[in-house]
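Participant: here is a sequence with its predicted model. Questions after.
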Amino acid sequence: MAILSDAQVSQFERDGYVVVRQAVTGAPLEAAQRQLADWVDESRSQTANWGTCQDGKARFDVAEGHSAERPMLRRISNPTEISDVIKGILFDSAIPDAITDLIGPNVKFHHCKINVKLPGSPTYVGWHQDHAYDPHTNDDVVVALLLLDDVTEDMGPLMVVPGSHKTPYSLFDGDRYTGTIGEEHRSAFEQAAVPMTGEAGDLILQHTWMVHGGGPNTTGRPRALLICDYTAADAFALTPPAMPSAQYGQIVRGQATRFARLKDTVIELPEAYEDDSFFGLQGQKAAAE
């Protein structure tokens, strides 16, 4: 059964995003919120990034200025590997069903993360496109972003630039890989950007080429996003994943295929980076650096 209406599918194709109100509610959402609260509490006993992902990088990333009294946890990488609650939402809820409405019946899991902006967090997200981090043979790739908190405009919400998914931008400054689109585009993005505000349980479906970013959270309320990249089964990675997962490539709907579908285009390939998260790549220090 379709989750998205024809009008919502048309909006996604035209604008590069669509919002599904109250896509996840009740017990699953509440369990995810409790899980995140537990991780925030755990961060109070840490002085720097901790935990280990498949690539050896830290799973839990905390911003400069983090302390027990003022935790600054800003990312949890691939939480599906350590939380059945999060895995259930991303593998077994209506979310992957909605993805099939956009890219067809055969869908793979790529990776996931939780981005957190706790009260007073200075963390920002520089303007970028996700496909430039993880290019594939075709761009039937959708990023699902589930609001774990109510989000208002003063909380540093996700900002999207409608229609920008039709224009690839470089994440290089000359020969240096920065993970951010050049400053010369910033003003235009800021003028056109739309804030993704809403209630906990709302779902944003975003095209992989959508230009997006977000500012710091200046309020006394937390703002967290559960984010998952899904690809068509016939979209195959051109580079190793920026955030490898033990569940990478797992079929979540439909069937696998050995045939790669190729889009006739030219794609700039990213460079590997040593930082635990892309926040470091974009120039934002982690705790104890």
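Facilitator: Right, received. Where do you want to start?

Participant: only C-alpha atoms from now on, for both contacts and neighbour counts.
Facilitator: Noted.

Participant: who touches V85 in this structure?
Facilitator: 28, 31-32, 35 (Cα atoms under 8 Å, 6 or more residues apart in numbering).

Participant: mind putting those into JSON lines with distance to G156?
Facilitator: Formatted as JSON lines, the contacts of V85 follow (distance: Cα to Cα, whole Å):
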{"residue": "P28", "distance to G156": "25"}
{"residue": "A31", "distance to G156": "24"}
{"residue": "A32", "distance to G156": "21"}
{"residue": "Q35", "distance to G156": "22"}
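
Participant: show only the entries of those residues found in helices.
Facilitator: 28, 31-32, 35 (DSSP state H).

Participant: list just the nearest of these to D55.
Facilitator: Q35 (23.4 Å; Cα to Cα).

Participant: neighbouring strands - and their directions - for the helix or strand where A144 lies?
Facilitator: Here A144 is covered by strand 141-147, with elements defined by DSSP states H and E. Partners of strand 141-147 in the sheet, by DSSP bridges, are strand 203-207 (antiparallel), strand 223-232 (antiparallel).

Participant: what's the nearest residue to H131 if we skip its chain neighbours?
Facilitator: Closest residue to H131 in three dimensions, ignoring its sequence neighbours and counting by Cα to Cα, 6 or more residues apart in numbering: T208, at 5.1 Å.

Participant: what's the neighbour count on that neighbour?
Facilitator: A count of nearby residues for T208, using other Cα atoms under 10 Å, gives 25.

Participant: let me know the pLDDT of it.
Facilitator: What the model reports for T208 is a pLDDT of 98.

Participant: contact partners for the nearest residue to Q255 once chain neighbours are set aside?
Facilitator: The spatial neighbour of Q255 that comes closest, neighbours along the chain excluded (Cα to Cα, 6+ apart), is N106 at 5.4 Å. Applying Cα under 8 Å, 6+ apart, we find N106 in contact with 100, 232-233, 251-256.

Participant: filter those residues down to the buried ones, ChimeraX style.
Facilitator: To isolate the buried ones among the contacts of N106 in ChimeraX, judged by 16 or more other Cα atoms under 10 Å, type:
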select :100,232,233,251,252,253,256
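
Participant: save the contacts of N106 as CSV, and put in pLDDT and secondary structure too.
Facilitator: Converted to CSV, those look like this (pLDDT from 0 to 100; DSSP: H, G, I helix; E, B strand; the rest coil):
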residue, pLDDT, secondary structure
T100, 98, helix
A232, 98, strand
A233, 98, coil
I251, 98, strand
V252, 98, strand
R253, 98, strand
G254, 98, coil
Q255, 98, coil
A256, 98, coil
